[in-house]
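Student: Structure for the following, please:
(one chain, ligands or ions: 1)
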Amino acid sequence: KRHLISAADLSRDDAVLILDTAEEMARVADRPIKKLPTLRGRTVVNLFFEDSTRTRISFEAAAKRLSADVINFSAKGSSVSKGESLKDTALTLEAMGADAVVIRHHDSGAPHRLATSGWIGGSVVNAGDGTHEHPTQALLDAFTMRRRLVGPDAGIGRDLAGRRITIVGDILHSRVARSNVHLLNTLGAEVTLVAPPTLVPIGVETWPCEVSYDLDAVLPKSDAVMMLRVQRERMNAAFFPTEREYARRYGLDGDRMARMPEDAIVMHPGPMNRGMEITAEVADSDRCTAVEQVANGVSTRMAVLYLLLGGSEPAVAPQNNART
Ligand code: CP
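Tutor: Modelled structure (predicted):
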């Protein structure tokens, strides 16, 4: 495939190949020299129309570890603020020879438009578009779950069959939830969404998952619980319960975490609203994988860039002085 626009486009074989390649990439991080020559001479553009910490930095780190040149473009401070269109911005990047464009945009569908417009010749990777999808987040989440719930080596070639994943919070505005539901379903997991009725999207009954409004009932049956940020910037105040009411009914605190099975993990894509959907006690506990997810994001994004741009060469050449 040339582009990565949606987790829904990935077959089970595609997804497992990316996760297995990410495992190879993760091993590079343990070497004395953390860089591979694979994408030398290639240019990756990070085209960000919305704010980001984790995604932008980890795509930059991933591209650099593969020896690609990286151009970081942020709409803030660019000619976008003078009214320049996505098309003219894309044509400018094409003139600079972008081999891949990693795009985050506030409009759902912007990466698809870029990939199908003919404005650019390189690969397009969706780094989050509106409320639509965030496929590399779902891939790094699946990578984290496979490592934690299946085991790093035993995980190679495996999916998440039968694992019970609960996603909690602002489903309505969450591209992370959409991508995760699609990918986890493809990988054989059983997904349950838990949210206040006002934060459940219309049409959710067509999604391949269950919906519950009772977090306490679902927690004991969960292998992983993914807490989502409440995206207040995307919602009308009328839709939103008070902070205290939300935390009381849908927040994860120490007492609720104790209801989860002993080996179950707590996940969060970040950024977190500590004190709202997750307490500091839970966020800082050993069971919370939020920081591990960020580290796994670099390996996963290396795998995506490698498979889109460099697939003809071996991902990781043997290294004589590799640490064991
Ligand atoms: N999880 C995630 O997409 O974080 P950023 O918005 O910081 O990139």
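Student: For stretch 105-120, buried residues please.
Tutor: Residues 105, 110-115, 119-120 are the ones in stretch 105-120 that count as buried (16 or more other CB atoms under 10 Å). Using the backbone N, CA and C atoms, a C-beta is placed for each residue, glycine as well.
Student: swap in stretch 258-271?
Tutor: 259-260, 264-270.
Student: Quote the end-to-end distance of it.
Tutor: 23 Å (CA to CA, to the nearest Å).
Student: Next: stretch 186-197.
Tutor: For stretch 186-197, the end-to-end distance is 26 Å (CA to CA).
Student: Restrict the least confident helix or strand in the chain by mean pLDDT to CA atoms and write it as PDB.
Tutor: The weakest-scoring helix or strand in the chain, judged by mean pLDDT, DSSP states H and E, is helix 243-250 (a mean of 89). Output in PDB follows, covering the C-alpha atoms of helix 243-250 (Å, rounded to 0.1, in the frame of the first residue of the first chain):
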ATOM      1  CA  GLU A 243     -16.200  18.000  35.800                       C
ATOM      2  CA  ARG A 244     -17.000  16.400  39.200                       C
ATOM      3  CA  GLU A 245     -20.000  14.600  37.800                       C
ATOM      4  CA  TYR A 246     -18.000  13.200  34.900                       C
ATOM      5  CA  ALA A 247     -15.100  12.100  37.100                       C
ATOM      6  CA  ARG A 248     -17.600  10.400  39.500                       C
ATOM      7  CA  ARG A 249     -19.300   8.400  36.800                       C
ATOM      8  CA  TYR A 250     -16.700   7.900  34.100                       C
END
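Student: Show me which residues of this structure sit near the ligand.
Tutor: 52-55, 128, 137, 269-271 (CB under 6 Å from any ligand atom).
Student: from the residues you listed, which ones fall inside strands?
Tutor: Counting by DSSP state E, those place Gly128 in strands.
Student: Out of the residues of the chain next to the ligand, which sit inside helices?
Tutor: Residues of the residues of the chain next to the ligand located in helices (DSSP state H): 54-55, 137.
Student: Just put these in a markdown table and tack on neighbour count, distance to Thr21 and pLDDT.
Tutor: Formatted as a markdown table, these follow (neighbours: other CB atoms under 10 Å; distance: CB to CB, whole Å; pLDDT from 0 to 100):
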| residue | neighbour count | distance to Thr21 | pLDDT |
| --- | --- | --- | --- |
| Arg54 | 17 | 20 | 97 |
| Thr55 | 25 | 19 | 98 |
| Gln137 | 27 | 17 | 98 |
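Student: where do the helices sit along the stretch 151-300 of the chain?
Tutor: 175-186, 215-218, 243-250, 254-257, 280-283, 290-309 (DSSP state H, counting those that start in this stretch).
Student: typed the wrong thing, it's the stretch 1-150 of the chain
Tutor: 12-28, 54-65, 86-95, 110-116, 135-145.
Student: Can you say which of these is packed in most?
Tutor: Across the helices of the stretch 1-150 of the chain, the average number of neighbours (mean count of other CB atoms under 10 Å) peaks for helix 135-145, which reaches a mean of 28.
Student: roughly how far is that helix from the heart of the chain?
Tutor: 5 Å (CA atoms, centre = their mean, to the nearest Å).
Student: All good on my end, thank you.
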